[in-house]
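Asker: next input, structure requested:
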Amino acid sequence: MDYATSFALIAPELLLTASGLILLLVAAFGGDKMARPIAILAAATLFGAGFMLVPGLHSGVMGLDTYAFGTLMRADAFALFAKAMIYLAAIGCLMIAPAYFATASNGNESGMRAEYPILVLFAVLGMSIMVSASDFMTLYLGLELNSLAAYVLASVLRNDGRSSEAGLKYFVLGALASGILLYGMSLLYGFSGSTEFGAVRAGLSGELATGALFGLVFVLAGLAFKIAAVPFHMWTPDVYEGAPTPVTAFFATAPKVAAVALTARVTLEVFGEQSDAWRQIVMFVALASIIVGALGAIGQNNLKRLLAYSSINNVGFILLGLAVANTAGASAMMVYLFIYVAMSLGSFVALLMLRGEDGALFETFDDIKGLATTQPVIAWCLAALMFSLAGIPPLLGFYGKFVIFQATVEAGLVAFGAIAIAASVIGAFYYIKFVKVMFFDDEVGLVKGKSDLSHWVLLIITTLIISPLGYLLTPSITDLANKAAEALFLVG
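Answerer: Coordinates of the predicted model:
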């Protein structure tokens, strides 16, 4: 394959790279007063990159023609579907950022910093490389590009102690996870003689050596940190609570899609013939994430910490599809991921709209008592989003859980699915608590501030997506997910 064809396959990444470098120069010369125009241009870049994905998504591209630069990257339907969700989530997070930073500044900071949208752009570039990786070197390059930008984003409010603490915790634990992942990759290289996914798969065929098994476990442990799965979830509540809310919304959506897609590609594509070696691990992690996420959220009063545990809980359901280890499970996983992104983005936008008359942000249950009286639209939208996260019909969150459980039962993992269903009931408690507090508690009257138009637009869109009207999207989403799953299992 010539370089022209390879460059065509990675056109979205080239656009993101060029735009990021140009906007970096604009920020250097224009300063923070250029922050909003840079954010608009960054969102436009992401939209343009997403538009480039349409032909491949429509046709469901797969096979040898999707490889770029030998076997370093793979722009197949699976990668394209993951990129589409990443770009859409990033655009949403850029839309909600300016209004937040205009009122959440501290000390001598004034509004959003110019480098914020650029960091988001480079983080998205790293995610694009991650989901297209077909070599462990490419995987690590994309992972670190995303992580380095994310560490700075978490601590972007320099005079805010919670933000600085979140960035430091994320950095220290992220560095540990990267080391674990690297060690696992080195073991796999030692036992297979290559870092290319296909060659590693061939090298690990047959009986798995003990050292190779350790390599597999270390790689899964490093990836489990990135998706915040139990027992590597310890950073999530603190980082979600301490980071600025638009950054938390970003962490809960776009990087989650990238990390889950990367985990699916590595396990199913690289370790596909050794599914007996890792399925038990994934099954344990999935059930543990569902249970720990549900139980951990029950005692939370801070809404961002609660949504952090909700994220851990939802990762468990996503991993159910991965544990099935077939095309039906992979397809269900991608459908659930799309619905999860809409629910999470809408939930964090709703939190951003909990403002006082002076613009102060509220983020505890005590602050939203009686919210239905003062802000009925926000209360009803937030209630719908919470019920959807709980998987209550007829909201779209129910469909996401349904396809996951269906794939689990059809694969013969009935007991596994039954335990997951029983554990999911626990999570309904804290989601229903939102309704109890907002609609039945005495009004405290704190949330009286006006919300930005961009917040209203995103809240309404995400609420409509997870409403019964969202079922109109399911044929298209299911078709895209099926094509993505087929591309993932087409090895060679």
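Asker: find the nearest non-adjacent residue to residue 272, please.
Answerer: Nearest residue to residue 272, sequence neighbours excluded (C-beta to C-beta, 6 or more residues apart in numbering): residue 201, at 6.6 Å. To be clear about C-beta, it is placed using only N, CA and C from the backbone, and glycine gets the same treatment.
Asker: that neighbour: what's it in contact with?
Answerer: Residue 201 is in contact with 269, 270, 271, 272, 273, 491, counting by C-beta atoms under 8 Å, 6 or more residues apart in numbering.
Asker: same question, residue 47
Answerer: 87, 91.
Asker: list the buried residues for the helix or strand where it lies?
Answerer: According to DSSP states H and E, residue 47 maps onto helix 35-51. Residues of helix 35-51 classed as buried by neighbour count (16 or more other C-beta atoms under 10 Å): 35, 36, 38, 39, 41, 42, 43, 45, 46, 49, 50.
Asker: now stretch 387-401
Answerer: For stretch 387-401, by 16+ other C-beta under 10 Å, it's 387-392, 395-401.
Asker: and if you look at stretch 59-73?
Answerer: In stretch 59-73, counting by 16+ other C-beta under 10 Å, buried: 60, 61, 62, 66, 67, 68, 69, 71, 72, 73.
Asker: check contacts around the residue lying farthest from the centre of the chain.
Answerer: Most distant residue from the mean C-alpha position of the chain: residue 442, 35.5 Å away (C-alpha atoms, centre = their mean). With contact set as C-beta under 8 Å, 6+ apart, residue 442 has these partners: 369, 370.
Asker: tell me the SS of it?
Answerer: State at residue 442, reduced to three classes by DSSP: H, G, I helix; E, B strand; the rest coil: coil.
Asker: residue 371 and residue 380 touch, don't they?
Answerer: No. Here residue 371 does not reach residue 380: they are 9.7 Å apart, not a contact under C-beta atoms under 8 Å.
Asker: which of those two has more residues huddled nearby?
Answerer: Each of residue 371 and residue 380 has its neighbours counted (other C-beta atoms under 10 Å); residue 371 has more, 26 against 16.
Asker: separation between the residue farthest from the centre of the chain and residue 433?
Answerer: 16 Å (C-beta to C-beta, to the nearest Å).
Asker: helices along the stretch 301-450 of the chain, start to end?
Answerer: 303-324, 327-352, 371-374, 376-390, 396-410, 414-440 (DSSP state H, counting those that start in this stretch).
Asker: of the buried residues of stretch 387-401, just say which sits nearest to residue 352.
Answerer: For these, the residue nearest residue 352 by C-beta to C-beta is residue 389; the value is 17.2 Å.
Asker: can you give me the strands for this structure?
Answerer: 67-68, 73-74 (DSSP state E).
Asker: where among those strands is the average confidence lowest?
Answerer: Ranked by mean pLDDT, the strands of the chain bottom out at strand 67-68, which scores a mean of 84.
Asker: direction included, what does that one pair against?
Answerer: Strand 67-68 has its sheet partners listed here by DSSP bridges as strand 73-74 (antiparallel).
Asker: now do the helices in the stretch 1-150 of the chain.
Answerer: Counting by DSSP H, counting those that start in this stretch, the segments of the stretch 1-150 of the chain that form helices are 3-9, 11-30, 35-51, 54-59, 77-103, 115-132, 136-154.
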